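**Q** Predicted model, plus sequence, below.
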There are 2 protein chains.
Amino acid sequence: MLERIDHIAIAVEDLEAALALYQGVFGVQGVRREVNEADGFEVAAFQIGETAIELLVSRRPDSVVATALAKRGPGLHHVAFQVADVAEAAQCCCDQGLKRIDAEPRPGTGGSRIVFLHPKSTGGTLIELVEPGTGQNQPGKQKREE
Amino acid sequence: MLERIDHIAIAVEDLEAALALYQGVFGVQGVRREVNEADGFEVAAFQIGETAIELLVSRRPDSVVATALAKRGPGLHHVAFQVADVAEAAQCCCDQGLKRIDAEPRPGTGGSRIVFLHPKSTGGTLIELVEPGTGQNQPGKQKREE
């Protein structure tokens, strides 16, 4: 079912400091930035091999990123696995007792469709299932590349 | 500097339950198990694309895995990036202000050499730098494959 690790998300308190680490020290390039207005956070993403790292910073006190920072502090937030068909994969997970956060697949970045699984049903890890869109991992028009 | 995500480690409380999830629900195959006697934990690892997932379970109350579970609960524990030369990469990180947990590179699995960077210097993420050995990501003689 799991074809590839699409991305790993890291919750950060200071996005510029995090970028100074990844760009300045580790030398990553091709950082794409995008504000998710609906969910109240900003993402800076870059590829390392076949997987993206997404740095998430809250832009609103009630965002999921703010909640995660308050509960667990900064650090690894979730892992996203690529699947061929997100609706089918999520249904299969539910049939075997996992709990989904999203009742239906919803749009992710780059035309992808995503479903989050609840960490209480996965042994503590927040897992995202991602069915890629045609623009997956491609900087879109609305994004700014540095 | 970062060539690939070598592995993502997840601290679990119940290894058999975690394997039931990944093998039984997600259908992963080729699970390798290994006990790290020196550090007091057991690992079950499998590949998803070019990256391994390592499930870590404590086998001793004073292990780093037990400490992580007590502090943060189960879930994502650390991310390991492949580098060409771990001594050089770790020195470069130190020169730019990061703190290393391992003063010198030490042996990892499969003949690899590793250095951990302190999460207090990376914005909250425990980061491992891995220089692969010849047996990296290959089931070794001492491991049991299921």
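**A** In hand now; what should we look at? Only a predicted model underlies this, so the values are computations on that prediction, with no experimental measurement involved. Numbers count the residues shown, from 1 in each chain, chains lettered A, B, ... in the order given.
**Q** hey, let's count contacts and neighbours off CA atoms from now on
**A** Fine.
**Q** Double-check that residue A:77 belongs to a helix.
**A** No: the assignment for residue A:77 is strand, going by DSSP: H, G, I helix; E, B strand; the rest coil, so no helix is present there.
**Q** okay, now it: neighbour count?
**A** 24 (other C-alpha atoms under 10 Å in any protein chain shown).
**Q** right, and it touches residue B:76 too?
**A** Yes: using C-alpha atoms under 8 Å, residue A:77 is in contact with residue B:76, at 7.5 Å.
**Q** Contacts for stretch A:69-78, please.
**A** Stretch A:69-78 is contacted from outside by A:8-13, A:68, A:125-128, B:72, B:76-78, B:123-126, using C-alpha atoms under 8 Å, 6 or more residues apart in numbering or on different chains.
**Q** Out of those, which end up buried?
**A** Listed as buried from those are A:8-13, A:68, A:125-128, B:76-78, B:123-126; burial here means 16 or more other C-alpha atoms under 10 Å in any protein chain shown.
**Q** dump the residue contacts of residue A:48.
**A** Neighbours of residue A:48 in contact, by C-alpha under 8 Å, 6+ apart: A:28, B:2, B:3, B:4, B:5.
**Q** what's the closest non-adjacent residue to the second one?
**A** Think residue B:2. residue B:83 (5.4 Å; C-alpha to C-alpha, 6 or more residues apart in numbering or on different chains).
**Q** got the phi/psi numbers for that neighbour?
**A** Backbone torsions of residue B:83, given as degrees, to the nearest 10, read phi -130, psi 160.
**Q** returning to what we had before: the buried ones among the contacts of stretch A:69-78 in strands, which ones?
**A** Using DSSP state E to define strands, the subset of the buried ones among the contacts of stretch A:69-78 located there is A:8, A:9, A:10, A:11, A:127, A:128, B:76, B:77, B:78.
**Q** What residues are bridge-paired with the last one?
**A** For residue B:78, the beta-bridge assignment (DSSP bridges) gives partners residue B:9.
**Q** what about the strands in chain A?
**A** Counting by DSSP E, the strands of chain A are A:4-11, A:32-36, A:41-48, A:51-58, A:75-82, A:106-107, A:113-117, A:127-131, A:144-145.
**Q** quick one: average confidence on the last one?
**A** For strand A:144-145, mean pLDDT is 54.
**Q** Which helix or strand in chain A has the lowest average pLDDT?
**A** Taking mean pLDDT, DSSP states H and E as the measure, chain A has strand A:144-145 as its least confident helix or strand, at a mean of 54.
**Q** out of the contacts of residue A:48, who has the most neighbours?
**A** That'd be residue B:5 among the contacts of residue A:48, by other C-alpha under 10 Å, with 26 neighbours.
**Q** Can you tell me how far that residue is from residue A:92?
**A** Between residue B:5 and residue A:92 the computed distance is 28 Å (C-alpha to C-alpha, to the nearest Å).
**Q** Check residue A:39 too.
**A** As for residue A:39, its distance to residue A:92 is 27 Å (criterion: C-alpha to C-alpha).
**Q** go on, residue A:28?
**A** In this view, residue A:28 and residue A:92 are 36 Å apart by C-alpha to C-alpha.
**Q** Within range of chain B, give me the residues from chain A.
**A** A:1-5, A:10, A:12-13, A:17-18, A:21, A:25-28, A:48-51, A:72-78, A:92-93, A:96, A:122-126 (C-alpha under 8 Å from any C-alpha of the partner chain).
**Q** quick check, nearest of the ones in strands among the buried ones among the contacts of stretch A:69-78 to residue B:101?
**A** If you rank those by distance to residue B:101 using C-alpha to C-alpha, residue B:78 comes first, at 13.2 Å.
**Q** Could you point out which residue ranges in chain A have low pLDDT?
**A** A:135-146 (pLDDT under 70).
**Q** hmm, 50 instead?
**A** Low-confidence segments of chain A (pLDDT under 50): A:136-143.
**Q** what's around residue A:36, how many residues?
**A** Applying other C-alpha under 10 Å, we find 13 residues neighbouring residue A:36.
**Q** Run through the bridge partners of it.
**A** With DSSP bridges as the criterion, residue A:36 is bridged to residue A:41.
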